[in-house]
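Fold the following for me, if possible:
(chains A, B, C and D)
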Amino acid sequence: MDLNYNTEDLSFRDQVRSYLETNLPADLKHKVLQHKRLHKEDYVRWHKILAKQGWVATGWPTEFGGTGWSATRRHIFEEECARAGTPPILPFGVAMVAPVIMAFGNQAQKDYFLPRILNCDDWWCQGYSEPGSGSDLASIKTRAERVNSLEGDHYVVNGQKTWTTLAQHADMIFCLVRTDTGVRKQEGISFLLIDMKTPGITVRPIIMLDEDHEVNEVFFDNVKVPVQNLIGDENKGWTYAKYLLGHERTNIAAVGRAKRELQFLKRYASEQQKNAASLLSDPIYASKVAVLEIELMALEITVLRVISQDSGRPGPEASLLKIKGTEIQQRLTELMMEAAGPYSLPFDAAFLDGESEHSIVGDDDAAPLASYYFNYRKTSIYGGSNEIQKNIITQMILGL
Amino acid sequence: MDLNYNTEDLSFRDQVRSYLETNLPADLKHKVLQHKRLHKEDYVRWHKILAKQGWVATGWPTEFGGTGWSATRRHIFEEECARAGTPPILPFGVAMVAPVIMAFGNQAQKDYFLPRILNCDDWWCQGYSEPGSGSDLASIKTRAERVNSLEGDHYVVNGQKTWTTLAQHADMIFCLVRTDTGVRKQEGISFLLIDMKTPGITVRPIIMLDEDHEVNEVFFDNVKVPVQNLIGDENKGWTYAKYLLGHERTNIAAVGRAKRELQFLKRYASEQQKNAASLLSDPIYASKVAVLEIELMALEITVLRVISQDSGRPGPEASLLKIKGTEIQQRLTELMMEAAGPYSLPFDAAFLDGESEHSIVGDDDAAPLASYYFNYRKTSIYGGSNEIQKNIITQMILGL
Amino acid sequence: MDFNLTQEQSQFADALRRWVEKDYNFEQRKHIIASDAGVSPSAWTALAELGALALPIPEAQGGFSGTAIDMLVIMQELGRGLVIEPYFATVLAAEFLKLAGQHDHLLEQVASGELQMAAALNEKQARHELFNIATSASQNADGFVINGVKTVVLHGAQAGQLIVSARSSGAQRDSDGISLFVLDANAAGISRREYRSIDGYRAADITFNQVQLPSSALLVTQGAGWPLLEAGCDYGVTLLCAEAIGVMEAIFAATLDYLKTRQQFGVPIGKFQVLQHRMAEMFMELEQARSMATLAAVKLSSEDAEERRRTVSAAKARIGQAARYIGQQAVQLHGGMGVTNELPAAHMFKRLTMIELSLGDTDHHLARFIAQPGFKAAA
Amino acid sequence: MDFNLTQEQSQFADALRRWVEKDYNFEQRKHIIASDAGVSPSAWTALAELGALALPIPEAQGGFSGTAIDMLVIMQELGRGLVIEPYFATVLAAEFLKLAGQHDHLLEQVASGELQMAAALNEKQARHELFNIATSASQNADGFVINGVKTVVLHGAQAGQLIVSARSSGAQRDSDGISLFVLDANAAGISRREYRSIDGYRAADITFNQVQLPSSALLVTQGAGWPLLEAGCDYGVTLLCAEAIGVMEAIFAATLDYLKTRQQFGVPIGKFQVLQHRMAEMFMELEQARSMATLAAVKLSSEDAEERRRTVSAAKARIGQAARYIGQQAVQLHGGMGVTNELPAAHMFKRLTMIELSLGDTDHHLARFIAQPGFKAAA
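Numbering: from 1, shown residues only, chains lettered A, B, ... in the order given. Reported below is the predicted structural model:
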């Protein structure tokens, strides 16, 4: 048993760290560290910087322009990005649709889409969830009917998707659609790539708890999609979707970001006062922080154990990482809000959006904390709710 | 809204308090307050003292020798008994079989059994649970076959009961037995009273976690029971059992005892040291005690609210009282054991049984605490596990 | 012992509930929050006409001399309706006048609905410590001069009159040396910076720059304001506890309804045992919280101040715990819908969260409960 | 990075497990507990023959120079088998000799199985404070004289040699002034009062009445024993953490098996979602605890003593939490059977509970974690 990185990994870490020190723009770093809202141009800017370095696609094989890194190196890279405070590389293109295209797409699709994803030429979003589907992902109602026409065959898509993250910026959406209604629900689903500029598509914002515009409803009204945009075989979409669900859980524990946020929490709490001393010196508060810190120490080792056993794709242990990771993230935001106390109340959207340099009440650290807390309630719901994750553990690991 | 007792109730309380001060034997009080094991003679002695005063049967109507008290007075009485540290009046006779006899027994049964119960002439135990039945109480397998004979008709009983509390002392057992196997499980059950001295009955101890002998298995091997000992109608036993299950939950919250134990906990913790001060001054420990104390304050009001709405028998709210009551009791024992720390380890059965005046390691307060903790794990299991109680709340109150 | 509401209390509650359903529903409330004013003059008029403003005011000043139990009934209804008007702010501020037995004309104006008030007690460095006061009150020939900044004053910009805590003497965290004043919110030297709170209220930071007050502005003996400050805030805490019960009842009912109607895997999600037991636990939290809100309202008028402090802090701590559990779980059980701003449940969750952080959070009140001499004396 | 066991470690674990299954099963263990001796000489011989005693001892003294990771493997197996022999007591006491680099002949005797030892560190008033020492060590011409009482010394009555902490100078709670000694457990002036522990072990209170020790009994410089005392006990904590993992694995497996076989309402109780999720939570607790036990074993030999203290305390606190949850829930899921002494699960629960209270409970180690300078320095 050896919990140390080897020399090569350590020098890789140093290389990443010094790269980030040089190349991460200060304004982006500041936004991330201060819990401000990120805009489209923030994501794209950082994506393109990393793309120049060839470090966008850490999970792709080198033949497609990926890094080809081992699980350990990917972990180190993610840790370093979190530590530095980079914006995230959004998963919809790089981590979600790309693996499906690589595994099941045809040569033309690979040639066209993969380089564009690498370079962020298209903003992708995900069309899985529908109103009413919730945790029952396969209960898809959006219809796609194949039509022959002079200009070439196409599908006509009608229906609605929901919880579509950042669809307001999207150029492309990958969708699960129903192409056969006469079979059981997991069959008869196809996987389509749809241009968001196609006539008949409407995007309606869903405003979140913290009043941010993060997700949307997407309506399809007789939307024509060329058959060239079908991935793999018609009616085999559920297989591809399940393949993708495994990929979605990469780095779900988000240990690196949690470590950074723990430092913020400690720093912020040490600046608050209770009983004429720092809040971080208060035995009750310190105890809550310590319990959280220890949980995070444990999770980091648990993640490393899973990585070290990883033969390729994450197994059902990913459910454990998702649950513990989101519990820790939520608890971090809870303790931050507690530290801010009454200063959690003021709501300053202009500051969060970067329209004013300082918050109206003058405590820039406190200003985003309640929003952060409220926003992060989603983490135990999305990506398979924590209840669903426990079902997976129950069935796949415990055999109950 | 008025949370004060009226003048009559207050003077009743004073009367009970001064009675207990005079009549509760010091040695019994000491055993109770020191968490020592009670023996048969301890229970009987206190029962007979209270019987002389006419205060044994607080839930019976006066016509049978009960007190006829209101729910409020019963509550006051239970509070005062708990406060003083009396041994309990065991429920099996007074609170369990007696209400069934009153409601469904014939005149001869009432005339014979009720006075004997009042005076503790018979020690009763309960024959409901069977191996394998657990929370599924109606799945009873013990058979009773009716046989005609010259000496008079009787049942022949074969089977096994388990978790039979203090059956090793019992003169009588009331049993659910199966008299018809051809119907669904809730039908075909009868309610029999059986003399424990009848040939064919064997009692085998089950030793608990804390090594105390509290429950037993009871085996019936061709046990002859006169038909005169059948309560009500044959095959109607499940109705009577359900009637009794309601009664069983009286005072299930045990707020009075919890208040007394909280005082013990505080006193004991204030005598332990941490960081050169009393353990009760330690912010972390004090905080745990305070959370518990507040939960108990809340539960007391919740109990009073239920009592004030009580038209007679407790409804599904009893499940709430059972869950919260047992959670508090278990938490009390947990904090006591924490306070004792390493002094929880020594196991001194002779001291617990009253065979030695002082414990071997010299800390008489600490000596019973680990046993107490281990023993009380049963409270969230017996009398309908807390999971079953949540099912009841779900179905009966929430309608899910 | 009697836990029933009187007929008057029930009627009051019914009238308020009908008003909320008709004139203060979810959509109407959303418009009020989005409006420039952030409050609704017509809602205020309605509250006055319903008698909600007269209720806590003594009969001598045109009120109904309502008890804390009466107020519990009102606050539960306002909580259920998520009413964001300056009712709590006004009533809390008026309580200081009532306790001080002064400025009857202001109480009369509150009772009639003419006057809105606010209590400016909090300061940035204080977090939850009411006695932690840097704002100064120095005596001069004309009365007192106030300097300092009060923060996160609920409806501070709407108020016509303010209650302000200031320091006459002593160090920043001394409970001795505190004075309490009532003053015109538009007095010279006062500037108010208004903003929204995340749960839809308006609040303000208020700066006092050489604000000259007459001697009559002082509520109790100079430097001896601490018992009044504590008592007034205990009243406020009791109101918040009652409000939280109303919010929790509403979010609980909404969640139960959601479990019964929302289908997943072909059945209502309320058929899943894990969610059933979660609801059972929320039910128990609510019942325990309700008991504590009742107990606090009863003990608020206790002549034994320690008994009052002990019970009020126990209630705030217990209700804080319940509010967090019920709020978080209600959102979780609502799934994706729970984290949008589109359902009332989300707004109830936000309000519950902010109640927990107002007038002392759970840890603060747990520590105050422990600090009462009785906690250890019982040992 | 590598989390795999070496082949030697796996073989060691397999051999121990086979021995437990054959010669130390539930019934055999019950007889040992009930016996007058309360320990089994033949089990001790077996442990020695299996090499478990030689494992932690340096090669120079006839051992295998096993690391903390090696010991983690052993302790997990002994935990799984609920082995109540004086193995932990002996190995912990021997660690002090190893760290002090003294008394090699005693280490040789431990390695060969000839000698059992115990560490007499705890005192009644100390609860979990190792530095809280009233037992005195006064120097005289012949060496040192020890007076005092040590309590709840695990296998103190079985030990041939004792490690004792005593005070040479300073106040009762000073970490300066502590001395550590090794001494013959049968020396004149020592009396031992033996008793059972509730989890089936033997322990003793040991009184030292004018016990004369030679100068060679002193392990490190007089009065400077604190770093050694802490380091030795951190080793003990790490062993207990590893043992707890083994016990938790066993009780978890027993509970899972029970859920699959026990029928209620016509189905295995493992079909009820509430119990399924309870098991999922126990699974997660176990995995997180396992990670911390591993981390503690790795960091135990860290050259940075703060890093060692911080990690070891984090592990004990986290494992204490897991042990309580898993133990209580395992009993709950076993229903009535869980609260009897008849199933192994009950005994595992008792052992887990007592591990939590040994060498510092969860609160103690949480406070120690917080007290490390790094906790706040990171802020």
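
which secondary element of the chain has the worst mean pLDDT?
Because you didn't say which chain, this covers chain A. Least confident helix or strand, chain A: helix A:237-248 with a mean of 80, by mean pLDDT, DSSP states H and E.

meant chain C, my bad for not saying
Lowest by mean pLDDT, DSSP H and E among the helices and strands of chain C is strand C:263-264, with a mean of 88.

Contacts made by that one with the rest, please.
Applying Cβ atoms under 8 Å, 6 or more residues apart in numbering or on different chains, the contact partners of strand C:263-264 are A:132, A:134, A:135, A:136, C:269. C-beta: built from backbone N, CA, C; applies to glycine.

at 6 Å what do you get?
With Cβ atoms under 6 Å, 6 or more residues apart in numbering or on different chains as the test, strand C:263-264 has contacts from A:134, A:135, A:136.

At the geometric centre of chain A, which residue sits there?
residue A:91 (5.4 Å; Cα atoms, centre = their mean).

Check chain C too.
Chain C, centroid-nearest residue using Cα atoms, centre = their mean: residue C:240 at 4.0 Å.

Please state the backbone phi and psi of it?
phi -60, psi -40 (degrees, to the nearest 10).

Check whether it really touches residue C:355, as I assumed.
Yes. Between residue C:240 and residue C:355 a contact is recorded at 5.2 Å, counting by Cβ atoms under 6 Å.

Buried residues in stretch A:350-369, which are they?
A:351, A:352, A:354, A:359, A:360, A:361, A:363, A:365, A:366, A:367, A:368, A:369 (16 or more other Cβ atoms under 10 Å in any protein chain shown).

give me the number of residues near residue A:215?
For residue A:215, the neighbour count with other Cβ atoms under 10 Å in any protein chain shown is 23.

Let me fix that, I meant to ask about residue A:20.
Residue A:20: 19 neighbours (other Cβ under 10 Å).

so who does it touch?
Neighbour list for residue A:20: residue A:84 [criterion: Cβ under 6 Å, 6+ apart].

measure it to chain C for me?
31 Å (Cβ to the nearest Cβ, to the nearest Å).

How about residue A:294?
Residue A:294 sits 20 Å away from chain C, going by Cβ to the nearest Cβ.

Could you list every helix and strand in contact with the helix or strand where that residue lies?
Using DSSP states H and E, residue A:294 sits within helix A:283-309. Helices and strands touching helix A:283-309, as assessed by 3 or more Cβ pairs under 6 Å, 6 or more residues apart in numbering or on different chains; DSSP states H and E, comprise helix A:255-271, helix A:317-340, helix B:283-309, helix D:273-299, helix D:305-334, helix D:362-371.

now these in a markdown table, with mean neighbour count and mean pLDDT?
Output for the helices and strands packed on helix A:283-309, formatted as a markdown table (neighbours: other Cβ atoms under 10 Å in any protein chain shown; pLDDT from 0 to 100):
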| stretch | mean neighbour count | mean pLDDT |
| --- | --- | --- |
| helix A:255-271 | 20 | 97 |
| helix A:317-340 | 23 | 96 |
| helix B:283-309 | 20 | 95 |
| helix D:273-299 | 23 | 98 |
| helix D:305-334 | 24 | 98 |
| helix D:362-371 | 21 | 98 |
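
Which one of those lies nearest to residue B:64?
helix B:283-309 (22.2 Å; Cβ to Cβ).

what's the angle between that closest one and helix B:255-271?
Relative orientation of helix B:283-309 versus helix B:255-271 (axes from the mean of the first three to the mean of the last three Cα atoms, to 10 degrees): 170 degrees.

Can you give the distance of helix B:283-309 from its chain's centre?
For helix B:283-309, the separation from the chain centroid amounts to 21 Å (computed by Cα atoms, centre = their mean, to the nearest Å).

Would you mind getting the angle between that helix and helix C:362-371?
For helix B:283-309 against helix C:362-371, the angle between stretch directions is 90 degrees (the same axes, to 10 degrees).

Would you mind listing the residues in contact with residue C:187?
Contacts of residue C:187 by Cβ under 6 Å, 6+ apart are residue C:211.

distance of it from residue B:60?
Computed as Cβ to Cβ, to the nearest Å, the residue C:187 to residue B:60 distance reads 71 Å.

Break the chain down into its structural domains.
With no chain named, the answer covers chain A. Domain assignment of chain A by the TED database yields the ranges A:7-89, A:124-240, A:252-398.

The chain in question should be chain C.
If you go by the TED database, chain C breaks into C:7-115, C:119-223, C:226-377.

part of a helix, is residue A:193?
No. Under the criterion used here (DSSP: H, G, I helix; E, B strand; the rest coil), residue A:193 is strand, not part of a helix.

how about the residues of chain A that lie near chain B?
By Cβ under 6 Å from any Cβ of the partner chain, the residues of chain A that approach chain B are A:283, A:284, A:287.

Swap in 8 Å and give it another go.
A:282, A:283, A:284, A:287 (Cβ under 8 Å from any Cβ of the partner chain).

What segments of chain A are strands?
With DSSP state E as the criterion, chain A has strands at A:124-127, A:143-147, A:154-161, A:172-178, A:189-195, A:201-207, A:213-226, A:230-231, A:273-274, A:277-278, A:346-347.

repeat for the stretch 1-150 of chain C
Assignment of strands within the stretch 1-150 of chain C using DSSP state E, counting those that start in this stretch yields the ranges C:117-120, C:136-140, C:143-154.

Pick out the residue of chain C closest to chain D.
With Cβ to the nearest Cβ, the shortest gap between chain C and chain D falls at residue C:273, namely 4.2 Å.

which ones are touching that residue?
Going by Cβ under 8 Å, 6+ apart, residue C:273 touches B:391, D:272, D:273, D:274.

and the closest residue to chain C within the stretch 101-250 of chain A, how many neighbours?
At 4.5 Å from chain C, residue A:207 is the closest residue in the stretch 101-250 of chain A, using Cβ to the nearest Cβ. Neighbours of residue A:207 under the rule other Cβ under 10 Å: 14.

so what's it bridging to?
Residues in a beta bridge with residue A:207, per DSSP bridges, are residue A:213.

isn't it right up against residue C:346?
No. Look at residue A:207 against residue C:346 with Cβ atoms under 8 Å: they stay out of range, at 9.7 Å.

which residues are common contacts for these two?
The contact sets of residue A:207 and residue C:346 overlap at residue C:340 (Cβ under 8 Å, 6+ apart).

what about residue C:303, distance to residue D:296?
Distance of residue C:303 to residue D:296, given as Cβ to Cβ: 56 Å.

again, but for residue C:200
Counting by Cβ to Cβ, the separation of residue C:200 from residue D:296 is 48 Å.

do the same with residue C:153
Distance from residue C:153 to residue D:296, by Cβ to Cβ: 50 Å.

Can you add distance to residue B:382 and pLDDT and give the buried residues of stretch A:350-369 back as JSON lines?
What follows is those, written out as JSON lines (distance: Cβ to Cβ, whole Å; pLDDT from 0 to 100):
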{"residue": "A:351", "distance to residue B:382": "57", "pLDDT": "95"}
{"residue": "A:352", "distance to residue B:382": "54", "pLDDT": "95"}
{"residue": "A:354", "distance to residue B:382": "60", "pLDDT": "92"}
{"residue": "A:359", "distance to residue B:382": "56", "pLDDT": "94"}
{"residue": "A:360", "distance to residue B:382": "58", "pLDDT": "91"}
{"residue": "A:361", "distance to residue B:382": "55", "pLDDT": "89"}
{"residue": "A:363", "distance to residue B:382": "53", "pLDDT": "92"}
{"residue": "A:365", "distance to residue B:382": "52", "pLDDT": "96"}
{"residue": "A:366", "distance to residue B:382": "50", "pLDDT": "97"}
{"residue": "A:367", "distance to residue B:382": "53", "pLDDT": "96"}
{"residue": "A:368", "distance to residue B:382": "50", "pLDDT": "97"}
{"residue": "A:369", "distance to residue B:382": "46", "pLDDT": "97"}
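
Low-confidence regions, the stretch 151-300 of chain C specifically.
For the stretch 151-300 of chain C, no stretch has pLDDT under 70.

cutoff 90 now
Across the stretch 151-300 of chain C, the ranges flagged by pLDDT under 90 are C:264-266.
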